[in-house]
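make a model of this:
(chains A, B, C and D)
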Protein chains: 2
Amino acid sequence: MQMDELTGAPSVLARGWATDQAADRLREMILDGALVPGSRISERMLQERFGFSRTPLREALKVLCGEGLVMIEPNRGAIVTRLSLGELEAAFELLAVLDGAAGEMACRRAGDTQIEAIAALHHDMVDCYRARDLQGYFGLNKAIHLALVDAAGNPSLARIYRLESARVDRYRFAGNRASANWARSIRQHEQILDALRARQGSLLRECLVAHRASGLRLAREQYEREARSLNPVP
Amino acid sequence: MQMDELTGAPSVLARGWATDQAADRLREMILDGALVPGSRISERMLQERFGFSRTPLREALKVLCGEGLVMIEPNRGAIVTRLSLGELEAAFELLAVLDGAAGEMACRRAGDTQIEAIAALHHDMVDCYRARDLQGYFGLNKAIHLALVDAAGNPSLARIYRLESARVDRYRFAGNRASANWARSIRQHEQILDALRARQGSLLRECLVAHRASGLRLAREQYEREARSLNPVP
DNA sequence: TACCTGAGGGTTGCATGCAATCTGATGACT
DNA sequence: AGTCATCAGATTGCATGCAACCCTCAGGTA
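A predicted model of the protein is given here:
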């Protein structure tokens, strides 16, 4: 599957096979929120929207099903996976474990070049923060965490991390960032970078776990905001 | 996907949709070693072997590709994923992280009933050990680890753990068990059960990580034995 | 000999067609 | 009114057909 080098997001320029293109575009639509969790994805709709025949579309749905982004109900078609609040929390709990482990591995194994590349991403992200460029910030934030996981030098970890991240990105990178939260996130990232540069594995683990806990709080707010807007309170 | 309740292995009785049946049978063939890593899986071969048309077979291959069991090369078809030694070690490193985290969560969250169910599996496994029933031992061993992960009460963790386990089961549960190794594994399992019953999370984590390290040693031996038999030394 | 070329067979990627199943809406019956 | 049966339309699951692509291996050329 072709991925954008910087953000790990599906590449918009995909000009490969129909199945891959369809999977990429579908993934993008789900992550962007163009397809709301719980909504049906009919093959006819995809056919009209993408222009491919049903065969590659069905294969793409199987792929996304494996990624946990859609659920396929036999004889009834696919629906965008709708996480319960408990599942959202479980995903963040797992990501905290993976972040922490990746941090420790990265402190042991990352090359100086890799660490400085992460620092460069960090500085770009701070620039976006200063410019109040929310989209740029989200993209670089994601890129930093992926780079850190890659720096751990464990391909299984990298693969699993991407899989699980994608399931909750919708809630991580949505809505506005209140000023206080945004500033705190930047501070946490600075601590993370410091710990990485000092190669203090257990400190880095703590920073990352705390950072992920903050992330869960924001995601939970986003989740509940969305739930309210879908199911107005009586 | 239908799974056997006890072992988490694909159910042989699958009488569902052709795609699922094909995926289950293919997964089984890969895990059993009937399909050797690195070998091509041509759609025609599957067609003759399973009797389905190419459409569900292609969908099944996409599913297994998402699980990391096969790799699909554009316009060239699928091959059974062949792990390098480094990838095998990376998978075990990740599984150690997941085992450890699952152990701590299980100590906090598992119900007494769940723990006793694991104890029952353990005793069955010891019976298999005494009877030198290697297949029964492998199945129950796997079932115990899955039950422990389920007892952690984190669906994301459970899902990811199954995914990653499947990629290395071929090396975990193959070959004979030399007597000393087998006895040590049983001892480790007893310590694991004790720590779980006492709900000593950090102790359980240590036991599981050590157990996984032993598992890696055995898997590495199996890996190298296989590599030698495929590539006789010059 | 070494290298390029290009035709043949076989395989994959995708489109289309048909049967089985689901939806949901209408109408009959208690 | 409420429940159940039934039937038309729409959708999915799978089989099949065709074009594009890859690999192989003669045959020719330097």
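
show me what counts as buried in stretch A:55-74.
Neighbour counts over stretch A:55-74 (16 or more other Cβ atoms under 10 Å in any protein chain shown) mark A:56-72 as buried. C-beta here means a position set from N, CA and C on the backbone, and glycine is covered the same way.

swap that for stretch A:109-126, sorry
A:110, A:114-115, A:117-118, A:121-122, A:124-125.

what's the answer for stretch A:46-55, then?
Those would be A:46, A:50, A:52, for stretch A:46-55 by 16+ other Cβ under 10 Å.

is that stretch up against DNA strand C anywhere?
Yes. Stretch A:46-55 lies within reach of DNA strand C by Cβ under 7 Å from any atom of the strand, at A:51-55.

is chain B contacted by the longest helix anywhere in chain A?
Longest helix of chain A, by residue count under DSSP state H: helix A:201-230. No. Helix A:201-230 lies out of reach of chain B by Cβ under 8 Å from any Cβ of the partner chain, never closer than 11.2 Å.

per-residue pLDDT, whichever residue of chain A sits closest to chain B?
Evaluated by Cβ to the nearest Cβ, chain A has A:Gly66 as its residue closest to chain B, separated by 2.9 Å. Note on A:Gly66: pLDDT of 96.

how close does it sit to DNA strand D?
15 Å (Cβ to the nearest atom of the strand, to the nearest Å).

ditto for A:Glu67
A:Glu67 is 17 Å from DNA strand D, by Cβ to the nearest atom of the strand.

please list all residues in contact with that residue.
Going by Cβ atoms under 8 Å, 6 or more residues apart in numbering or on different chains, A:Glu67 touches A:27, A:163, A:166-167, B:66.

what of A:Leu85?
Each residue near A:Leu85 by Cβ under 8 Å, 6+ apart is listed here: A:220, A:223-224.

got it, and A:Gly103?
A:148, A:152, A:192, A:195-196, A:201, A:204-205, A:207-208.

which two among those are spaced furthest apart?
Pairwise distances across the contacts of A:Gly103 peak at 15.0 Å for A:Ala152 and A:Cys207 (criterion: Cβ to Cβ).

which ones among the residues of stretch A:46-55 next to DNA strand C lie within helices?
A:54-55.

mind checking how far A:Arg49 is from A:Glu67?
Noted for A:Arg49: a distance of 20 Å to A:Glu67, by Cβ to Cβ, to the nearest Å.

pick the one among the contacts of A:Glu67 closest to DNA strand C.
Using Cβ to the nearest atom of the strand, B:Gly66 is the member of the contacts of A:Glu67 that lies nearest DNA strand C, at 14.7 Å.

I'd say the closest one and A:Val63 touch.
Yes. B:Gly66 is within contact range of A:Val63, at 5.6 Å (criterion: Cβ atoms under 8 Å).

which positions in chain A make contact with DNA strand D?
A:40-44, A:54-55, A:58, A:72, A:74-78.

now the residues you listed in CSV, with secondary structure and pLDDT?
Below are the residues of chain A next to DNA strand D laid out as CSV (DSSP: H, G, I helix; E, B strand; the rest coil; pLDDT from 0 to 100):
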residue, secondary structure, pLDDT
A:Arg40, strand, 96
A:Ile41, strand, 97
A:Ser42, coil, 97
A:Glu43, helix, 97
A:Arg44, helix, 96
A:Arg54, helix, 97
A:Thr55, helix, 98
A:Arg58, helix, 98
A:Ile72, strand, 97
A:Pro74, coil, 94
A:Asn75, coil, 94
A:Arg76, coil, 94
A:Gly77, strand, 95
A:Ala78, strand, 97
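
what about chain B: which of those touch it?
Filtering the residues of chain A next to DNA strand D for neighbours of chain B using Cβ under 8 Å from any Cβ leaves A:55, A:58, A:74.

quick one: the strands in chain A?
For chain A, the strands defined by DSSP state E occupy A:40-41, A:70-73, A:77-80.

in the helix or strand bottoming out on mean pLDDT in chain A, what's buried?
Taking mean pLDDT, DSSP states H and E as the measure, the helix or strand of chain A with the lowest value is helix A:201-230, at a mean of 93. Neighbour-count burial for helix A:201-230, with 16+ other Cβ under 10 Å as criterion, is recorded at A:201, A:203-205, A:207-209, A:211-212, A:215-216, A:218-219, A:222-223, A:226.

what does stretch A:186-200 give?
Within stretch A:186-200, the residues scored as buried using 16+ other Cβ under 10 Å are A:186, A:188-189, A:191-193, A:195-196, A:199-200.

before we move on, what about stretch A:170-183?
Using 16+ other Cβ under 10 Å as the test for burial, stretch A:170-183 gives A:170-174, A:177, A:182.

ends of it, how far apart?
Using Cα to Cα, to the nearest Å, one end of stretch A:170-183 lies 21 Å from the other.

turn the contacts of A:Gly103 into JSON lines, including distance to B:Ala143.
Shown next, in JSON lines, are the contacts of A:Gly103 (distance: Cβ to Cβ, whole Å):
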{"residue": "A:Leu148", "distance to B:Ala143": "35"}
{"residue": "A:Ala152", "distance to B:Ala143": "30"}
{"residue": "A:Ile192", "distance to B:Ala143": "39"}
{"residue": "A:Ala195", "distance to B:Ala143": "39"}
{"residue": "A:Leu196", "distance to B:Ala143": "39"}
{"residue": "A:Gly201", "distance to B:Ala143": "34"}
{"residue": "A:Leu204", "distance to B:Ala143": "36"}
{"residue": "A:Arg205", "distance to B:Ala143": "31"}
{"residue": "A:Cys207", "distance to B:Ala143": "37"}
{"residue": "A:Leu208", "distance to B:Ala143": "33"}
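
ok, now which ones touch A:Ile79?
Going by Cβ under 8 Å, 6+ apart, the list of residues near A:Ile79 reads A:38-41, A:70-71, A:73.

tell me which two of these sit farthest apart.
A:Ser39 and A:Glu73 (13.2 Å).

give me the contacts around stretch A:26-33.
In contact with stretch A:26-33 (Cβ under 8 Å, 6+ apart) are residues A:9-10, A:12, A:34-35, A:41, A:46, A:60-61, A:64, A:67, A:69-70, A:80, A:166, A:169-170, A:174.

so which bits of it are buried?
Those would be A:26-31, for stretch A:26-33 by 16+ other Cβ under 10 Å.

export those to a markdown table and tack on pLDDT?
Listed next are these as a markdown table, based on pLDDT from 0 to 100:
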| residue | pLDDT |
| --- | --- |
| A:Leu26 | 96 |
| A:Arg27 | 96 |
| A:Glu28 | 95 |
| A:Met29 | 95 |
| A:Ile30 | 95 |
| A:Leu31 | 93 |
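
quick one: which of the residues you listed is nearest B:Arg130?
Closest to B:Arg130, out of all of these and judged by Cβ to Cβ, is A:Arg27, at 50.5 Å.

tell me how far the closest one lies from B:Asn154.
24 Å.

and what of A:Leu69?
For A:Leu69 relative to B:Asn154 (Cβ to Cβ), the value is 19 Å.

show me where chain A has helices.
A:18-32, A:43-50, A:54-66, A:85-109, A:112-130, A:134-151, A:155-172, A:179-197, A:201-230.

list the helices and strands the last one packs on?
Judged by 3 or more Cβ pairs under 8 Å, 6 or more residues apart in numbering or on different chains; DSSP states H and E, the packing partners of helix A:201-230 are helix A:85-109, helix A:155-172, helix A:179-197.

among those helices, which is nearest DNA strand C?
helix A:155-172 (20.8 Å).
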